[in-house]
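Novice: A predicted structure for the sequence below; I have some questions about it.
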Amino acid sequence: RAQVAFVSPADLGPDEAGKMRADHYPGDIGFDPLGLKPEDPEEFETMVTKELQNGRLAMLAAGGFLAQEAVDGKGIFEHIGF
């Protein structure tokens, strides 16, 4: 991942360490075996935003599971009967 995102340190001066490539988009490492990445930049931005929002929602849900367990001492599987 670092080789995809960052300029090689050999090509930089001592004060430019950690410089990202100009054509790199954070999180895009070129792995898309199913061809799901949109070609249109506007559609790609929309997809990135939706993915970010879904990740935030999942983190809130995980926090809810932790809070529920902290309150009553039972794990999530105990609540659903496993």
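Specialist: Received the coordinates, thanks. Numbering: from 1, shown residues only.

Novice: burial count for E69?
Specialist: 14 (other Cβ atoms under 10 Å). Every residue, glycine included, has its C-beta placed from N, CA and C.

Novice: which element is it on?
Specialist: helix 41-72 (DSSP states H and E).

Novice: can you point out the buried residues in that helix?
Specialist: By 16 or more other Cβ atoms under 10 Å, the buried positions in helix 41-72 come out as V48.

Novice: who are the packing partners of whichever helix or strand comes after it?
Specialist: Downstream of helix 41-72, the first helix or strand assigned by DSSP H and E is helix 76-80. The contact analysis (3 or more Cβ pairs under 8 Å, 6 or more residues apart in numbering; DSSP states H and E) places helix 76-80 against helix 41-72.

Novice: ramachandran coordinates for F6?
Specialist: phi -110, psi 150 (degrees, to the nearest 10).

Novice: apart from its neighbours in sequence, what residue is nearest it?
Specialist: Nearest non-adjacent residue to F6, counting by Cβ to Cβ, 6 or more residues apart in numbering: M20, 5.8 Å away.

Novice: that neighbour and V7 touch, don't they?
Specialist: Yes: with contact taken as Cβ atoms under 8 Å, M20 and V7 are classed as touching, separated by 7.2 Å.
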